[in-house]
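Participant: okay, here's the prediction I keep looking at, along with the sequence it came from:
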Amino acid sequence: MMSSAALGAAKGGGPVATSTIAGLDGVESLTDIHEIRKTLDKLRELERDEDGKLWQQLSKHSDIEVKMSSLHRMAPKLSKLQSNAQALAETVGSTCHIAESVSSKVRELDMIKSRLQETMARVDEIIDLRTCVDGAEVALRNEQYEDAAQHIHRFLRFDQSELAEHTKYLLNEGESPIEHLQSARKNLVTVLEQQFDMMVNTQPCDTSQVEKFFKLFPLVGEPDLGLKKYGRFLVAQTAASAEALFKLKLSGGEMSFVQLMGKLVEGIASTIGTKSKLITEHYGNGQALAIVKDLQQQCDVQASKIFGQFIADNNVESLVEKIRRISRADDDKSLSKEISPRELDPLVNDIVSFVQRTEIYCRFVYGHVKSLIEMPQPEKVDTSKALKHLQLDASELNALSLDIKQRAQLLIGHYLAFEEHVLRQNLGRAIALNTLDGDASNSSALVDDVFFVVSKSARRAMSTLNADSICAVLNHVRALLETDYCAMFQAQIDTGLGSSTLADLSAINESLKAKLYNITAKKGGGDSGGSTNGQEDVLVAINSVAISRDFTDKLLQDLRAQCTKLFATARTSDREKVVTCLNELSSTASQFDALAKSALERLCASSISARLRTLVEAMARSEYYLCSEDDLANCDHGSKFIVDLISALQSMFAEYKRMLSASNYDALLVHITEALAAHVERMVLQTKFNKLGGVLFDKDLRILCNFLSSITQWSLRAKFTKCSQMATLLCLESVDEITEYYGPSATLGVTWHLSPAQVKEVLQCRQDLDARKITALRL
């Protein structure tokens, strides 16, 4: 039964059961006994829950009473604590009032102290100002210009507007110290100018005295004037030295124009390097740019004279015009004799030296200007304005125009015309005098001559340090080697292999000499190899092409090493340009390699293959492989066929080994082996065998493979794979045995290179096997 509290809560809708009984409003209207019991169960369950919660609260009653009693005991103590807190608050308030009073007085004292320090600083400035006035007057009177400049520099470091304000009420009427020092500064600047000019004009000029006064200009607030006058002094010195050497050369001095140019650029570069340090130390970072600009302009002037006189004295422009006339096909070929490569060589070397010195100097100027621009500037200096004033900023560095470089570019154009002419003339003469080299390589002497000329031109171009000229020469060398040079060997190979006639070869050689090189072959010269045997000419040409490939690789390796060394400090774009041209030159070696391989393949296909076919045909014409047991026992060293074949191959190989280089000989053996294997495969199908003959053929094939493997470093056994599989078929005991070797039920796991039709065809060669069973095989 529910407790009275729970029941009252249920009837009265108290707070305990309101939310639960809210859904039981229709209890009085219930008539179904099941619904009434169900509702009664819910009410009982609710009663149990509420009883549990009530007993839980009642169980805490003792704890609550204990805490309440402790609070009652603490009440007197809390009253005392409240009174103490009020007393403390009154004490803190009084102390705070006293602290505020003291801090206001401290602030007043700090203000007085700061004003006193400011006053003392102003007094010190006035004292320093008076010291500067007196010191400047005494120093100027005694001509102690360094001391006077130091006093003026000390005065200029003051804030002029504040200084005028400070001294306005403290000085007597009359000229103020500031005006006096300004006047002294102007007088000192005038004196420094006069002394500087006097030292410059004194002969001999004392550079240390000039630099002594140059260092004083920034101290008196005239850095621009100092830089301007010092720049004129350095330019005048450079001009005087260069013009003296130039006049000495014109009057017959032993110094060459190349040495003259070297002294000019080395002297200016040395001046820029040493004087930049002096200017940076006394004038600040980046201020040496003005001097660099002035010296560079003078370098352009002097270099222009040297370039012009060199071109005039050596008739460079007339020689270039003659070369252009020679290069025209309709011109008189006799003109080429007037310009000998040997005579041009010293002139070309001088031009290369000119260009080299110019490139080194320009690299130095670009690098030095860049380092000056990248120097850190004081925060108060507007770097962009300072550099703009000098007409050189970071964005304009790459576009820095040097007249000396432009004139060098003009000279490079002449150099390229000369170099191209020298290359064509020398290559033409090498072709005209082409003979068989007497060394063991059995190659043409033309190869050594051509690559001596090509290497000399390429290395000479590298020494210019100019990326454009290097690329132009390398591209021209590549074009000559890949077209004219290769064409000559291609024609020689075609003639020797029967694709062309000797008349065709002669016409091609004459065309190369006349059209490309504009020279006439000497009488009795121009032989394509010194041999009347076409095959020997082919072998010589193949050796020459292979050696040309090796020479090209060696040249490329040397040029890459030279490029790495010479372009270590050059612009990245120039270095990448040269590297790209060198990579393109590697295609020339690939072309030589392809030509040599193609020639060996054609040689084997055109002449050697026919000889091999004749030797192998003896296999089908004889009955060596229809043998008895006695015949097989007598063939310890193979059949007579294989003995004769190996003997003939030895003679053939000895002939080619004598004429070909080692690499070409090994490559030819591979082609011969492939052709020999193909002929043997065909002859097997035309030969009759019995069981013992198949065994003998297998033995002969092993002897042949061992012989071929013994004379070359290449593994040639794989070339006879099909022949070995044919020998396996010819050694079978019966037709049914084939299923153990061939087909899905094979147990040996061999990869066969023969088709089912070819297997049957090989088995048909066995005279002692049933032909009907062979035909009925399903493979």
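Facilitator: It's in.
Participant: low-scoring stretches of this protein, by residue?
Facilitator: For the chain, the stretches with pLDDT under 70 are 1-27, 119, 121-136, 138-139, 155-181, 328-338, 377-402, 434-442, 499-534, 745-749.
Participant: please give the element, helix or strand, for the residue nearest the centre of it.
Facilitator: The C-alpha lying nearest the average C-alpha coordinate of the chain belongs to residue 576 (Cα atoms, centre = their mean; 6.1 Å). The secondary structure element spanning residue 576 is helix 572-603 (assigned by DSSP states H and E).
Participant: ok, and for the following helix or strand past that helix, which residues are buried?
Facilitator: The C-terminal neighbour of helix 572-603 among helices and strands, as given by DSSP H and E, is helix 609-621. Under the neighbour-count criterion of 16 or more other Cβ atoms under 10 Å, helix 609-621 has 609, 612, 615, 616, 619, 620 buried. For the C-beta atoms, the positions are set from N, CA and C on the backbone; glycine is no exception.
Participant: hmm, who's touching helix 609-621?
Facilitator: Residues lying outside helix 609-621 but in contact with it, judged by Cβ atoms under 8 Å, 6 or more residues apart in numbering, are 641, 644-645, 648-649, 652, 672, 675-676, 679-680, 682-684, 686-687.
Participant: give me every residue that touches residue 205.
Facilitator: If a contact means Cβ under 8 Å, 6+ apart, then residue 205 has 199, 237 as its contacts.
Participant: quick one: which helix or strand includes it?
Facilitator: In the assignment (DSSP H and E), residue 205 maps to no helix and no strand.
Participant: please begin residue numbering at 4 from this point
Facilitator: Fine by me, first position is 4 from now on; the one you just mentioned is residue 208.
Participant: what's the distance between it and residue 201?
Facilitator: Computed as Cβ to Cβ, to the nearest Å, the residue 208 to residue 201 distance reads 11 Å.
Participant: quick one: stretch 286-301 to chain centroid distance?
Facilitator: Between the mean C-alpha point of stretch 286-301 and the mean C-alpha point of its chain there is a distance of 33 Å (Cα atoms, centre = their mean, to the nearest Å).
Participant: stretch 214-227 now?
Facilitator: Stretch 214-227 sits 47 Å away from the centroid of its parent chain (Cα atoms, centre = their mean).
Participant: straight-line length of that stretch, end to end?
Facilitator: According to Cα to Cα, to the nearest Å, stretch 214-227 extends 15 Å from its N-terminal end residue to its C-terminal end residue.
Participant: which residues sit against that stretch?
Facilitator: With contacts defined as Cβ under 8 Å, 6+ apart, stretch 214-227 is touched by 148-149, 152-153, 155-156, 159, 188, 191-192, 195, 198-199, 202, 228-230, 232-233, 281, 285-287, 290.
Participant: and it, which residues are buried?
Facilitator: Of the residues in stretch 214-227, those buried by neighbour count under the rule 16+ other Cβ under 10 Å are 214, 216, 217, 218, 219, 220, 221, 222, 223, 225, 226.
Participant: over to stretch 654-663?
Facilitator: For stretch 654-663, the buried set under the neighbour-count rule, 16+ other Cβ under 10 Å, comprises 656, 659, 660, 662, 663.
Participant: and the furthest pair within those?
Facilitator: Looking at the buried residues of stretch 654-663 by Cβ to Cβ, the two members farthest from one another are 656 and 662, with 11.0 Å of separation.
Participant: tell me the one of the buried residues of stretch 214-227 nearest residue 541?
Facilitator: Using Cβ to Cβ, these come closest to residue 541 at residue 214, 76.8 Å.
Participant: tell me which element that closest one is part of?
Facilitator: Element membership for residue 214 (DSSP H and E) is helix 210-217.
Participant: C-terminal to that helix, what's the next element?
Facilitator: Next helix or strand after helix 210-217 toward the C-terminus (DSSP H and E): helix 226-253.
Participant: what are the buried residues along the next helix or strand after that next one?
Facilitator: For helix 226-253, the following helix or strand on the C-terminal side (DSSP H and E) is helix 260-286. Within helix 260-286, the residues scored as buried using 16+ other Cβ under 10 Å are 260-261, 263-265, 267-268, 270-272, 274-275, 278-279, 282, 285-286.
Participant: and what of stretch 488-506?
Facilitator: Within stretch 488-506, the residues that qualify as buried by neighbour count (16+ other Cβ under 10 Å) are 488-489, 491-500, 503.
Participant: off-centre distance for stretch 320-334?
Facilitator: Its chain's C-alpha centre and that of stretch 320-334 lie 39 Å apart, by Cα atoms, centre = their mean.
Participant: kindly report the same for stretch 256-271.
Facilitator: So, by Cα atoms, centre = their mean, the centroid of stretch 256-271 is 35 Å from its chain's centroid.
Participant: cool, and stretch 666-683?
Facilitator: Averaging C-alpha coordinates over stretch 666-683 and over its chain gives two centres that are 43 Å apart (Cα atoms, centre = their mean).
Participant: got the buried residues for whichever strand or helix holds residue 346?
Facilitator: In this structure, residue 346 sits in helix 344-376 according to DSSP H and E. The neighbour-count criterion (16+ other Cβ under 10 Å) identifies 344, 347, 350-351, 353-369, 371-372, 375-376 as the buried residues of helix 344-376.
Participant: and if you look at stretch 325-332?
Facilitator: Under 16+ other Cβ under 10 Å, the buried positions of stretch 325-332 are 325, 326, 329.
Participant: again, but for stretch 729-742
Facilitator: Burial within stretch 729-742, assessed by neighbour count using 16+ other Cβ under 10 Å, is assigned to 729, 730, 731, 732, 733, 734, 735, 738, 741.
Participant: now, which of those residues lie within helices?
Facilitator: When DSSP state H defines the helices, the subset of the buried residues of stretch 729-742 inside them is 729, 730, 731, 732, 733.
Participant: let's have those residues in CSV, adding distance to residue 476.
Facilitator: Supplementary listing: those in CSV, determined by distance: Cβ to Cβ, whole Å:
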residue, distance to residue 476
729, 58
730, 60
731, 61
732, 63
733, 64
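Participant: tell me the contacts of residue 314?
Facilitator: Residue 314 sits next to 320, 414, 417 when contact means Cβ under 8 Å, 6+ apart.
Participant: verify the stated contact: residue 746 with residue 757.
Facilitator: No - here residue 746 lies out of contact with residue 757, judged by Cβ atoms under 8 Å, at a distance of 11.9 Å.
Participant: so which of these two has more stuff around it?
Facilitator: Higher neighbour count among residue 746 and residue 757: residue 757, with 19 against 14, using other Cβ atoms under 10 Å.
Participant: much appreciated, bye for now.
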